[in-house]
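Q: Pasted the sequence and its predicted model underneath.
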Amino acid sequence: MTTRQSATRRAVLKAVTAASALVAAPSFLRQASAANPIKIGIPTVITGGYALLGSQVMRTCKLVKKMTDAKGGVIGQPIEFVYQDTQGDPATCVRKCHELVERDNCRILTGVIVSSEAAAMLPKLEEWNAIFISHGNGDGRLTAELLVPRFFRANTSAPMGARALALYLKDAPEKKFIAIASDAAWGRSSNAAFEEQIKKVGKDLVDKIYAPVANKDYSPYITKILQSGAQGCYVALQGDEARAFYSQATQYGLAQRVQFFTEIVAQADIKVLGRDAIGLMGSSRYPLTYDVPQNTAFREAFMSEYKNEIPDWSDGEMYQAMMILFAAIEKAGSPEPMKIVAAMEDLDVTSVKGPVLMRKCDHQGENQGFVVKVAKNDKYAEPIGEIVKIYPRELNTPDCRSASYSK
Amino acid sequence: MDFLGFILAQCLSALSQAAILFFIACGLTLIFGIMRIVNFAHGAIFMLGAYVGVTTVAVTGSFLLSLFVAPIVVGAVGMAFERLFLRRLYGRRDGGAYLLLTFGLAVVLSELIRVIWGAQPLSAGIPDFLRGIVVILGQPFPLYRLFLIVLGIAAAIAVWQFLERTRAGLLIRAVSQNAEMVHALGTDIDLVRTGVFGFGCAMAALGGVLAAPLVTAFLGMGTTVVIDAFVIVIIGGMGSFLGSLIGSTLVAFVQVLGAYYFQDLALALMYFLMLTVLVIRPGGLLGKEE
């Protein structure tokens, strides 16, 4: 009897404890949730040839954190960026992403620099229960034949950059073009898109050059460009390669004979080239002077934070990707990966580059196309890309799940 | 006439590229010849030279001064490294220790450069007197590249004469052939080793200063160059100064002409040349088969 009474007391105590826990749990969990940050993994290039682009990603993330936390976070939660060095190598990138997911519990990944790294990550996203938002990966195939449901591209892709330029060149005086690109996924994708587009507008592409990745001596290619008789040269080179090419082209006086058009006008290149960059035309993935309140706020915050450093395309695209991600989390009311996926499909956001639609059919962000020309501007210490033409996002974005345009 | 001009321009481009490659390969082969050390840090030293050179130009405004300051500073860094670290390993017979140590130096130097100068690449303009082009048989050719060719030839002759006709050069050659014998005759071979390591680093630094106006100074600029340099040293023969000169010229011609005529094979051609040389002469063109 005594035993039964004692057992009953224990049962009652257990029941009371369980009931208390049930009642208290929602409030307790809410508090933990508020304290727990939304973790975002940044597998980027910290050392190696693309370290400059990685440093731009990281500085923008630091600014985004500062600005977002000052506003009370996203859905009331602070954000936390966790960085890993991929060295621009696809295998290392996959390994570092695995660490970010398993060790740091980052289910949202972004900030990847090289397109081949991005391509290597896509098949693993399902296994990792993670999503990946591209801020700058240009390879057209990522939202075409390589697309997976957990991948989104917020940025302007290589075909989109080529498209804006081709639309502009339709009415340009140059008739014959030659193209030089980096012999990498992005360069080939960009060149292929330019070739398709420039032929569509009735211009002639006389030759295509693919320079090996990390090439140093561009003199044979410059000679080839000179020999080609082209009036315009499409340049799909980036970073160290682009700077080496423009430096050497300037020494050959090539800019006096051929007008350069580039798929990405980068402020880092302009800064290094100085006066030699003036006159360069191209697509811009982030038009610094674009006049919308979102961009003015970002530009001023950036230049205030980094002592008048001018934000580059990678900064602008990273900021845009984060704004789109946060809008999706707000819409979903949760940082849970698949809820973000659902919320991001057909999400329409006005960003630093104007209206962006994350279309459902291939997860490509419809971005406007900007063509800029590098010129001096009294407001800035170095030349900048001044906007000469803007193309609507519908016209600038390829067909669904394709790197081509039927319209 | 146009075709002749075109061929001449391509040859001059190759020679200017050969000059840069020679500066880095020459130091690498001398260090191996005397010390039997494969210096993995040579690319980072080349990069350090470029950064020191660009900074010198920024501070003093003199490009010519940077051609002296960078080799002296980087040569001193090389000598300090040899005295503080490499010297401790001379008693060991495994080459792996040198390899790890110089690889470590490469990593440390690269990170130091990033910490000191930042990730942003640095502009390396050329002085006004070297700007502009000359027209050779109807083909424009940059004055700066002609300057590189002249400087490369002058440096090659100077180093060759130094090695062949001076007492110090004689000692260096003697140490490379039989260090114990030279030591037994009363020569401080540690001093010779320190000097050679410092000289090799200084040559690489000079290459870095000269390459900066072509490619700008940036993190990682030494990575691909050092691979080219290793290929050159293997083609020319490990430890052979003249071999490095011939190897630089061959590799530069293969790179330039290959990039023009065989675009898709441009990278592979250099390695094909190396394999061909190794099959015919396993020790390299002027090296000894060991």
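A: Right, received. Where do you want to start?
Q: interface residues of the stretch 1-150 of chain B facing chain A?
A: B:6, B:9-10, B:13, B:16-17, B:110-111, B:114, B:118-123, B:125-126, B:131, B:133, B:139-142, B:144-145 (C-beta under 8 Å from any C-beta of the partner chain). The C-beta positions use only the backbone N, C-alpha and C, and glycine is treated the same way.
Q: Quick one: buried ones out of these?
A: B:6, B:9-10, B:13, B:16-17, B:110, B:114, B:119-123, B:125-126, B:133, B:139-142, B:144-145 (16 or more other C-beta atoms under 10 Å in any protein chain shown).
Q: What distance do you get for the nearest residue to B:Ile116 once chain neighbours are set aside to B:Leu214?
A: Once flanking residues are discounted, B:Ile116 sits nearest to B:Tyr51: 7.8 Å by C-beta to C-beta, 6 or more residues apart in numbering or on different chains. According to C-beta to C-beta, to the nearest Å, B:Tyr51 stands 15 Å off from B:Leu214.
Q: quick one, which of those two is more surrounded?
A: B:Tyr51 (26 against 23; other C-beta atoms under 10 Å in any protein chain shown).
Q: Give me the distance from the helix or strand containing the more buried one to the chain's centre.
A: According to DSSP states H and E, B:Tyr51 maps onto helix B:42-60. Its chain's C-alpha centre and that of helix B:42-60 lie 14 Å apart, by C-alpha atoms, centre = their mean, to the nearest Å.
Q: what's the average pLDDT for the helix or strand following that helix?
A: Moving toward the C-terminus from helix B:42-60, the next helix or strand (DSSP H and E) is helix B:63-84. What helix B:63-84 shows for mean pLDDT is 96.
Q: and what of stretch B:273-283?
A: Mean per-residue pLDDT for stretch B:273-283: 94.
Q: ditto for stretch B:115-122
A: The pLDDT scores in stretch B:115-122 average 88.
Q: element containing the nearest residue to B:Ser123 once chain neighbours are set aside, please.
A: Distances taken as C-beta to C-beta, 6+ apart put A:Val272 closest to B:Ser123, at 4.4 Å, once the chain neighbours are dropped. Assigned by DSSP H and E, A:Val272 belongs to helix A:267-273.
Q: For the helix or strand just after that helix, which outside residues touch it?
A: Downstream of helix A:267-273, the first helix or strand assigned by DSSP H and E is strand A:281-283. Defining contact as C-beta atoms under 8 Å, 6 or more residues apart in numbering or on different chains, one finds that strand A:281-283 is touched by A:156, A:160-162, A:164-165, A:235, A:259-265, A:369-374, A:385, A:388.
Q: Buried among these? Make that a PyMOL selection.
A: Entered in PyMOL, the line below selects the buried ones among the contacts of strand A:281-283, by 16+ other C-beta under 10 Å:
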select buried, chain A and resi 156+160+161+162+164+165+235+259+260+261+262+263+264+265+369+370+371+372+373+374+385
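Q: Just the ones of the buried ones among the residues of the stretch 1-150 of chain B next to chain A in strands?
A: Using DSSP state E, the members of those that fall in strands are B:133, B:139-142.
Q: Determine which two of these are furthest apart.
A: Farthest pair in these (C-beta to C-beta) is B:Gln139 and B:Pro142. Separation: 11.1 Å.
Q: which residues sit in contact with residue 263?
A: Assuming you mean chain A. Per C-beta under 8 Å, 6+ apart, neighbours of A:Glu263: A:138, A:158, A:161-162, A:165, A:190, A:194, A:234-236, A:282-283.
Q: actually chain B
A: B:Gln263 touches A:209-210, counting by C-beta under 8 Å, 6+ apart.
Q: now swap in A:Leu63 and tell me
A: A:Leu63 sits next to A:301-302, A:305-306, A:319 when contact means C-beta under 8 Å, 6+ apart.
Q: May I see the ChimeraX selection of the buried members of the residues you listed?
A: Of these, the buried ones can be selected in ChimeraX as follows, counting by 16+ other C-beta under 10 Å:
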select /A:301,302,319
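Q: Wasn't A:Val349 part of a helix?
A: No - counting by DSSP: H, G, I helix; E, B strand; the rest coil, A:Val349 is not part of a helix but strand.
Q: Show me what it is bridged to.
A: A:Val356 (DSSP bridges).
Q: quick one: the strands in the stretch 101-250 of chain A?
A: A:108-110, A:131-134, A:151-153, A:176-182, A:204-211, A:232-236 (DSSP state E, counting those that start in this stretch).
Q: And the nearest residue in space to A:Cys233 that is not next to it in sequence, how far from chain B?
A: Distances taken as C-beta to C-beta, 6+ apart place A:Val258 nearest to A:Cys233, at 4.8 Å, with adjacent residues excluded. Applying C-beta to the nearest C-beta, to the nearest Å, the value for A:Val258 to chain B is 12 Å.
Q: A:Val258 - how many residues pack around it?
A: There are 22 residues near A:Val258, going by other C-beta under 10 Å.
Q: right, and it touches A:Ile225 too?
A: Yes - using C-beta atoms under 8 Å, A:Val258 is in contact with A:Ile225, at 6.2 Å.
Q: Return every residue with contacts to both of those two.
A: Here A:Val258 and A:Ile225 share the contacting residues A:178, A:233, scored by C-beta under 8 Å, 6+ apart.
Q: OK, contacts around A:Ala162?
A: By C-beta under 8 Å, 6+ apart, the residues touching A:Ala162 are A:190-191, A:193-194, A:197, A:234, A:236, A:263, A:283.
Q: Which segments of chain A make up each domain?
A: With domains defined by automatic domain parsing, chain A comprises A:38-156+A:290-367, A:159-284+A:372-396.
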